[in-house]
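Just need the structure, nothing else, for what follows:
(one chain, ligands or ions: 1)
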Amino acid sequence: MIKFENVTKKLGRKTVLDGVSFEVPKGETFVVVGLSGAGKSVTLKHMVQLLVPDSGTVRIGDDVISSASGPELARIRGRFGVLFQGAALLQWLTVFENVALPLREHTKMSEEEIEKTVLEKLSLLNMQEAVDKYPSDLSGGMQKRVGLARAIVMNPEIILYDEPTSGLDPVTSRLIDGLIENLRNELGITSVVVTHDLHSALAIGTRIMMIDGGRIVENATPEEFIESKNETVQRFLESQYITRRGEWEKGMKNHA
Ligand SMILES: Nc1ncnc2c1ncn2[C@@H]1O[C@H](COP(=O)(O)OP(=O)(O)OP(=O)(O)O)[C@@H](O)[C@H]1O
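Just a heads-up that it's a prediction; the model follows:
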């Protein structure tokens, strides 16, 4: 579905991605982890051509997004929903209007169809009650849910999340994790999630990729990831108090 082939990107004097190759198969929840400045967001930005590689290719299915332009680029971007950090809701629009915005901008749907679609997405995220509220009346977690409703309103094949749980309390974070899982289970959506939160990564990821200094140091299933022999991975796990497989499994049972 998403394929990076030897992608290199320099920003300023720094080589931020250094020959990165990986694939995200359809229907997976692919989680990208790493320390601050590792290159996670830069990787995500290449998927929708907010950045163009200096060398290498980024493919989305049969489309090559890294060299696309004009209407072709718009069409490929239309395959995505994005929930980026700071992709804030418009404060002067209600929840309904925020979620309706992509439909008004990119489709010729009637008012009736827009209303039906927006309410359907909001109820999927359990936010139908907030339809007439303004973003400032909502908690951070509720705002993320509205952002997620907006990200899925055009029925994307792929959703990109940049730090979906940052700034949220642990309970709300797990709620967002559950929503990401539901989207995969119910709609078969492919997700790429950038996060610092390893608990979240282990809970929702079907694969976890760790980047360090613009290179991939691990790309594995959650089970393999916590058993990784890579020292950088082990240090990262230990920094979040995940040191043994047993502890993680115990944690998972508590969430179930
Ligand atoms: N537009 C830019 N111009 C110059 N340098 C940039 C630009 N965007 C990112 N960088 C640099 O590239 C590196 C990787 O940035 P990136 O945002 O991908 O990190 P990250 O892994 O997402 O980190 P964080 O967890 O802090 O968000 C950083 O050193 C950053 O300073």
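
tell me what the helix or strand containing P71 is packed against?
P71 belongs to helix 70-77 when assigned by DSSP states H and E. Applying 3 or more CB pairs under 8 Å, 6 or more residues apart in numbering; DSSP states H and E, we find helix 70-77 packed against strand 63-64. From N, CA and C alone the C-beta is placed, and that goes for glycine too.

State the three-state secondary structure for the most centrally placed residue in the chain.
The centroid of the chain falls nearest to Y161 when counting by CA atoms, centre = their mean (2.0 Å). Of the three states, Y161 takes strand under DSSP: H, G, I helix; E, B strand; the rest coil.

Check which residues of the helix holding P71 are buried.
Neighbour-count burial for helix 70-77, counted by 16 or more other CB atoms under 10 Å, picks out I76, R77.

before we move on, the earlier item: looks like the residue nearest to the centre of the chain contacts I180 (just checking).
Yes: counting by CB atoms under 8 Å, I180 is a contact partner of Y161 at 7.0 Å.

which neighbours do those two share?
Residues touching both Y161 and I180 by CB atoms under 8 Å, 6 or more residues apart in numbering: S191, V193.

the helices in this protein, which residues?
For the chain, helices defined by DSSP state H occupy the ranges 40-47, 70-77, 95-106, 111-124, 140-152, 170-187, 198-204, 222-226, 231-239, 245-255.

Reformat the ones you listed as a markdown table; add mean pLDDT and distance to G27.
Below are these laid out as a markdown table (pLDDT from 0 to 100; distance: least, CB to CB, whole Å):
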| stretch | mean pLDDT | distance to G27 |
| --- | --- | --- |
| helix 40-47 | 96 | 16 |
| helix 70-77 | 94 | 19 |
| helix 95-106 | 94 | 23 |
| helix 111-124 | 94 | 18 |
| helix 140-152 | 89 | 15 |
| helix 170-187 | 87 | 7 |
| helix 198-204 | 90 | 13 |
| helix 222-226 | 93 | 16 |
| helix 231-239 | 89 | 25 |
| helix 245-255 | 53 | 21 |
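
which stretch among those comes nearest K10?
helix 40-47 (10.5 Å; CB to CB).

does the ligand sit close to the closest one?
Yes: using CB under 6 Å from any ligand atom, helix 40-47 reaches the ligand at K40, S41, V42.

Can you tell me which of those residues is nearest E238?
K40 (19.6 Å).

and the nearest residue to R150 once chain neighbours are set aside, what does it touch?
Leaving aside its chain neighbours, R150 sits nearest to V99 (4.8 Å; criterion: CB to CB, 6 or more residues apart in numbering). If you count contacts by CB under 8 Å, 6+ apart, V99 has them with V118, K121, L122, V146, A149, R150, V153.
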